[in-house]
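>>> sharing a sequence plus its predicted fold:
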Amino acid sequence: MVRVTVSGMVHDRNRRLEMTPGSSGSDYSLQTRLLTAVSVLLCIFLGLTGVVLDRAFRSSVEAGVAEQLQVQIYVLLSAVEEEQGQFYFLEDLREPRFSQLNSGLYGVVSSPLSGEVLRTPSALEIEFSDFTGLWENLGRGESFFTRFITPQGQEYFVSSYGVVWENGEDQYNFSVLESTGTYLVEVNKFRTSLWSWLGGVAILLLVLQVLLLRWGLSPLRRLAIDLKGIESGVSEELKERYPRELRAVTANLNLLIKTERKQQQRYRETLGDLAHSLKTPLAVIAGIMQALRDTKPGRPAEERESAVQEQIRTVDEQLERMNQIVGYQLQRAVKSNGSTALARRVRVAEAAGKVLRALDKVYADKGMRAECHIDDGIVFLGDERDLMEVLGNVLDNAYKYGGTWLSISAVATTIPVRQLSIVVDDDGPGISAAHQEWVLQRGARLDTLARGQGIGLAVVTDIVTSYGGQIEVGSSVAGGACIQLVFRNFQLAGEDSAGQ
């Protein structure tokens, strides 16, 4: 029984991740997060602004009160007269509140020696003993302003000024007190107005922020809608023009979509090619089996044996052919498309070293001397499996057909064109000029005695061509074969990959 197992062609399809809403485990909205962050920042900013403005307003009002009370002290000074040691007010105090009982503005004249000597009519019911300590140590020409709360809980602005009377000997303190009620009413009105305006501004800014976020994030919503359309088969790719910040994302998404479709197409083509290619060998084998069953027993034994051996050789040839077909189609199905947009960075020297170490073990009995001349700073931009497949096939041929020596080198040039040349030389019998193009074809083999399927260089050609490169077959200086691989997707040490 002949069993041909084809595996690994569609296994990647079973690994596809199902991306569904909320599958990440934390369902949240980008707009909500941004709005929350901006709202917190806005509240902090407006709150600090309100506190600063409130303090500035209170300081300004207090400064205005201090200035007004200083003026009232001058009013008292101009209205007080002294006669034979007795102080009295002139009839006109110029400030009506000084004459109105409990008006909120009070004046008092006191002496450090004799205490209170005069008070305004508005202060007849005020107990000044609680204030005495504020101005009793006030010197001549000195003044002060403060807020004072009495033991009864009443709050006043207090301004005092020390003077020496006309005789030049006695010192008196002129003090004016004003209730903070008017001040507090003004401050509260300002606070109400301030926080009302700030609250209104905050609400307006939040509404504008919501609108701006919706407008700013609309490309993301369009992107989600377009992706849904691709998923449902309405469109083939993301065609809408997106902002610069999303172009790299949309370009890579389009590339992934194209890659997936190309891979699906490659799977279908490969399966079709495989089925078509296997039909002929299978038909031949089926015919041989039928012929073996129909062999007449009356024929001579030697003739029957010769016929059977001939049929077995034909079956072996067809099985070898089927193995070549399956191997080639599998390689073709899983190789990458050579795109460098999502490529990895693969160090060529490291990849070559891995292959050489593996082949040294396989061909240990041959005693090949392998030389590697590759700068560690040369980086291949592509799929590591592709590079390993290319180097593995070329170096395997060098080990297999070379004499005692082989060499692999890599040279990167930028002038006149930017390219990376990987060259493998050996000292074997080489490849004649007439066969240098022919060996790159599928199934072509110069040495039919050595093990192999004749598809190695064909796979190398497919992979190199998919990266926009080329492969050249020539003769080495040692008389053997020279295989040159030319790539343009590479990077040197110190270069910026974004600029490639």
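Happy to help now that I have it. Just so we're clear, the structure is a prediction, and the values are computed from it rather than from any experiment.

>>> quick one: contacts of stretch 41-50?
In this structure, residues lying in contact with stretch 41-50 by CB atoms under 8 Å, 6 or more residues apart in numbering are 194-195, 198, 201-202, 205-206, 209. C-betas here are computed from N, CA, C, even on glycine.

>>> if we go to 7 Å?
Applying CB atoms under 7 Å, 6 or more residues apart in numbering, the external contacts of stretch 41-50 come out as 194-195, 198, 201-202, 205-206.

>>> likewise stretch 357-373?
Contacts with stretch 357-373, where a contact means CB under 7 Å, 6+ apart, come from 352-353, 356, 395-396, 399, 402, 404-409.

>>> those residues in helices, which ones?
With helices taken from DSSP state H, the overlap with the contacts of stretch 357-373 comprises 352-353, 356, 395-396, 399.

>>> how about these in JSON lines, adding pLDDT?
Shown next, in JSON lines, are those (pLDDT from 0 to 100):
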{"residue": "Ala352", "pLDDT": "92"}
{"residue": "Gly353", "pLDDT": "91"}
{"residue": "Leu356", "pLDDT": "89"}
{"residue": "Leu395", "pLDDT": "91"}
{"residue": "Asp396", "pLDDT": "87"}
{"residue": "Tyr399", "pLDDT": "89"}
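
>>> of these, closest to Ala79?
The nearest member of these to Ala79, counting by CB to CB, is Gly353 at 106.7 Å.

>>> who's in contact with that closest one?
Neighbour list for Gly353: Cys372 [criterion: CB under 7 Å, 6+ apart].

>>> let's see it at 6 Å
Contacts for Gly353 were tallied using CB atoms under 6 Å, 6 or more residues apart in numbering; there are none.

>>> for the remainder of this discussion, apply numbering that starts at 7.
Sure, I'll start counting at 7 from here, so that last one is Gly359.

>>> gap between Phe104 and Arg350?
When distance is defined by CB to CB, to the nearest Å, Phe104 is 91 Å away from Arg350.

>>> and the two? which has more neighbours close in?
For Phe104 and Arg350, the more surrounded residue by other CB atoms under 10 Å is Phe104, and the numbers stand at 22 against 13.

>>> what is the subsequent helix or strand relative to the host helix or strand of that one?
Assigned by DSSP states H and E, Phe104 belongs to helix 102-105. Next along the chain after helix 102-105, taking DSSP H and E as the criterion, comes strand 111-117.

>>> got the buried residues for the helix or strand following that next one?
Following strand 111-117 in sequence order, the next helix or strand is strand 121-125 (DSSP H and E). The neighbour-count check on strand 121-125 (16 or more other CB atoms under 10 Å) flags 122-125 as buried.

>>> show me which pair in those residues is furthest apart.
Greatest spatial distance among these (CB to CB): Val123 and Arg125, at 8.7 Å.

>>> pLDDT, secondary structure and neighbour count for the contacts of stretch 47-56 - can I get that in JSON lines?
Output for the contacts of stretch 47-56, formatted as JSON lines (pLDDT from 0 to 100; DSSP: H, G, I helix; E, B strand; the rest coil; neighbours: other CB atoms under 10 Å):
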{"residue": "Leu200", "pLDDT": "91", "secondary structure": "helix", "neighbour count": "16"}
{"residue": "Trp201", "pLDDT": "91", "secondary structure": "helix", "neighbour count": "16"}
{"residue": "Leu204", "pLDDT": "90", "secondary structure": "helix", "neighbour count": "17"}
{"residue": "Val207", "pLDDT": "91", "secondary structure": "helix", "neighbour count": "13"}
{"residue": "Ala208", "pLDDT": "90", "secondary structure": "helix", "neighbour count": "17"}
{"residue": "Leu211", "pLDDT": "91", "secondary structure": "helix", "neighbour count": "16"}
{"residue": "Leu212", "pLDDT": "89", "secondary structure": "helix", "neighbour count": "15"}
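
>>> for those residues, which one is nearest Glu242?
Using CB to CB, the contacts of stretch 47-56 come closest to Glu242 at Leu212, 40.7 Å.

>>> ok so, going back, out of the buried residues of strand 121-125, who's nearest Arg64?
Of all these, Arg64 sits closest to Arg125, with 29.2 Å by CB to CB.

>>> got the confidence number for that closest one?
Note on Arg125: pLDDT of 85.

>>> just the one 4 residues further on next, same as before
pLDDT, the model's per-residue confidence, is 83 for Ala129.

>>> same question for Leu277.
75.

>>> how about the secondary structure of it?
Under DSSP: H, G, I helix; E, B strand; the rest coil, Leu277 falls in the helix class.

>>> and it, how far from Glu308?
45 Å.

>>> equivalent analysis for Tyr167, please.
Counting by CB to CB, the gap between Tyr167 and Glu308 amounts to 147 Å.

>>> and those two? which has more neighbours close in?
Applying other CB under 10 Å to Tyr167 and Glu308 shows that Tyr167 carries more neighbours, namely 23 against 8.

>>> compute the number of surrounding residues for the nearest residue to Met328 once chain neighbours are set aside.
Nearest residue to Met328, sequence neighbours excluded (CB to CB, 6 or more residues apart in numbering): Pro287, at 4.9 Å. The number of residues packed around Pro287, counting by other CB under 10 Å, is 21.

>>> can I assume Pro287 sits in a strand?
No. Looking at Pro287 with three-state DSSP, it is helix, so not inside a strand.

>>> so what's it scoring on pLDDT?
At Pro287, the predicted lDDT confidence score is 71.

>>> are any of the contacts of stretch 363-379 buried, and which?
Among those, the ones that count as buried by 16+ other CB under 10 Å are 358, 362, 401-402, 405, 408, 411-414.

>>> now flag whichever of these is closest to Ala62.
Taking CB to CB as the measure, Ala62 lies nearest Ala358 of the buried ones among the contacts of stretch 363-379, at 73.6 Å.

>>> can you tell me how far the closest one is from Gly436?
Taking CB to CB as the measure, Ala358 falls 22 Å from Gly436.

>>> great, nothing more from me.
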